[in-house]
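> From the sequence below, what's the structure:
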Amino acid sequence: LLRRLLTHYTCLPRLFSLSIDTTSNFTLRELSDIYQLIFALPKLKSVACSTGIFNDSNSKLPLSIATNEQFSGIKRLYIGQSSSLKEIFSIISDTPKLCHLKLSHASDDDEIDMKGGFQWFIKNILWKLKVLYINFEYEDIKCFDANRWEQLFRQYLPQLKNIYLTYYERINYEHKILKNAGQLNQFFSSFWIERQTMVKIEIHDKYIKYVIRPHRYTS
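Predicted structure coming up:
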């Protein structure tokens, strides 16, 4: 049904914004088809796509979702699926005008180490962004490193104005961030203060939520 609807939307001359929010599960191949149809919408500038994904670990997204004639004019993109770096790369590699990216959940990738691969991803794909949102999945604490993000800012993200980092930690006897307060304190260095960045901590029943964001919230 969703793919049929997207096919019909190509005839809408003033469709500038599209939001898809469904609990339906799709395979990566089906999800690839959905994004291909989205990128075919000629006037689209803003997209939010949130769906479920079947656990089909043997399936992979193609290296490029769009065709040569489909370089998209999308400027704002929200990817609502839990995605690896390679999957995110597949989705946004054909959006040269993208300047605002929000990732619901960025997960590790067996084929891309989070040190070298993530740095390459930022250097080659995210360098043009002005706003970046990332939610990190449980236990991916190595991505919540203030010093590393500062280095990435300085070297590869010259245009980035605002960054929003969210990390979820399960409540148990081993609170990695609270136990290692030094890691959280890194976000209070002069670099982050100059950017007017704040740290927000929310304690819920089953997890602790850490948010790094600008003091003045912007969407």
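
> Now tell me which helix or strand of the protein has the poorest mean pLDDT.
Every helix and strand of the chain was ranked by mean pLDDT, DSSP states H and E. The lowest is helix 176-179, at a mean of 58.

> Can you read off the backbone torsions of the most centrally placed residue in the chain?
By CA atoms, centre = their mean, the chain has its centre lying nearest to Leu103, at 2.1 Å. Main-chain torsions, Leu103, degrees, to the nearest 10: phi -110, psi 120.

> Tell me which residues touch it, please.
With contact set as CB atoms under 8 Å, 6 or more residues apart in numbering, Leu103 has these partners: 79, 83, 88, 133-135. All C-beta atoms are positioned from the backbone trio N, CA, C, and that covers glycine.

> tell me the contacts of Leu152?
119, 122.

> Start at 779, not 1
Sure thing, new numbering starts at 779, so read that last one as Leu930.

> a helix runs through it, doesn't it?
Yes - checked against DSSP: H, G, I helix; E, B strand; the rest coil, Leu930 lies within a helix.

> Quick one, grab the pLDDT at it.
pLDDT recorded at Leu930 is 84.

> pretty sure Ile869 belongs to a helix, no?
Yes - counting by three-state DSSP, Ile869 is located in a helix.

> Give the bridge partners for the residue nearest to the centre of the chain, please.
For Leu881, the beta-bridge partners under DSSP bridges are Ile857, Ile912.

> Tell me how far it lies from Thr785.
The spacing between Leu881 and Thr785, counted by CB to CB, to the nearest Å, is 27 Å.

> ditto for Arg932
From Arg932 to Thr785 the distance is 45 Å (CB to CB).

> how about the contacts of Leu881 in CSV, adding neighbour count and distance to Trp905?
Listed next are the contacts of Leu881 as CSV, based on neighbours: other CB atoms under 10 Å; distance: CB to CB, whole Å:
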residue, neighbour count, distance to Trp905
Ile857, 22, 18
Ser861, 22, 19
Ile866, 22, 15
Tyr911, 18, 17
Ile912, 19, 15
Asn913, 18, 21
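
> which of the residues you listed has the weakest pLDDT?
The minimum pLDDT among those falls on Ser861, with 74.

> Quick check: it touching Phe867?
No - with contacts counted by CB atoms under 8 Å, Ser861 stays clear of Phe867, the gap being 9.3 Å.

> Arg926: neighbour count?
Using other CB atoms under 10 Å, the number of residues around Arg926 comes to 15.

> what do you get for His878?
When neighbours are defined as other CB under 10 Å, His878 has 17 of them.

> check contacts around it.
Each residue near His878 by CB under 8 Å, 6+ apart is listed here: 853-855, 907-909.

> So which bits of the helix or strand Ser810 falls within are buried?
Following DSSP states H and E, one finds Ser810 within helix 806-817. Neighbour-count burial for helix 806-817, with 16 or more other CB atoms under 10 Å as criterion, is recorded at 806, 808-817.

> Redo these as TSV? Include distance to Arg926.
As requested, those are exported to TSV (distance: CB to CB, whole Å):
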residue	distance to Arg926
Leu806	29
Glu808	35
Leu809	30
Ser810	31
Asp811	36
Ile812	33
Tyr813	29
Gln814	34
Leu815	37
Ile816	32
Phe817	32
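
> Reformat these as CSV; add pLDDT and distance to Phe969.
Output for these, formatted as CSV (pLDDT from 0 to 100; distance: CB to CB, whole Å):
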residue, pLDDT, distance to Phe969
Leu806, 77, 38
Glu808, 83, 43
Leu809, 83, 37
Ser810, 81, 39
Asp811, 85, 43
Ile812, 87, 39
Tyr813, 86, 35
Gln814, 85, 40
Leu815, 88, 42
Ile816, 89, 37
Phe817, 86, 36
